[in-house]
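Novice: Below are the sequence and a predicted model for it; my questions follow.
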Amino acid sequence: MNSYEIVVILHPEFSEDQVGTVTGKLESIIKKNAGEVIAVDKWGKKRFCYTIKKQNEGVYVDLTFKTEPENIDELQNMLKVEQGVLRYLIVKKVEKKPWPVKKKAKKEEKVEQPAKAE
């Protein structure tokens, strides 16, 4: 299973119940296909830098989950058809691997010379 993240922008006039139904539909599709919902974050209403579908603001929802790659098409189809979805973005999360540590070659030990007495 791969980790994914969806950010959905909904119509600004959506109530909490309507936002809950959209996130509920997304969660049910993920769980139906043997996926796992990790986190649901409702960011609330935010103002846009430019208009999207004649709207100046929208309600943002972020969903983090794990599922098989074949199930992403079903989520995209639901978001395309769903009324009130202004935009969405699905991103595959890549697990970060630590940077490789270069092994330093052993340097010849420096022989300490005694300090000169004056």
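Specialist: Alright, I've got the coordinates.

Novice: Listing partners with orientation, what would you give for the biggest strand by length in the chain?
Specialist: In the chain, assigned by DSSP state E, the strand with the most residues is strand 36-52. Next to strand 36-52 in the sheet, as set by DSSP bridges, lie strand 55-67 (antiparallel).

Novice: what is the rounded mean pLDDT of whichever helix or strand comes after the strand it pairs with?
Specialist: With elements assigned by DSSP states H and E, the helix or strand that comes after strand 55-67 is helix 72-81. Here helix 72-81 scores 92 as its mean pLDDT.

Novice: Could you tell me the angle between the helix or strand just after helix 72-81 and strand 55-67?
Specialist: Next along the chain after helix 72-81, taking DSSP H and E as the criterion, comes strand 85-93. Interaxial angle of strand 85-93 relative to strand 55-67 (axes from the mean of the first three to the mean of the last three C-alpha atoms, to 10 degrees): 40 degrees.

Novice: so what does strand 85-93 touch, helix or strand wise?
Specialist: strand 2-10, strand 55-67, helix 72-81 (3 or more C-beta pairs under 8 Å, 6 or more residues apart in numbering; DSSP states H and E). Using the backbone N, CA and C atoms, a C-beta is placed for each residue, glycine as well.

Novice: pLDDT (mean, whole number) over the longest strand of the chain?
Specialist: Computed over strand 36-52, the average pLDDT equals 92.

Novice: what angle sits between that strand and strand 2-10?
Specialist: Going by the same axes, to 10 degrees, strand 36-52 makes 40 degrees with strand 2-10.
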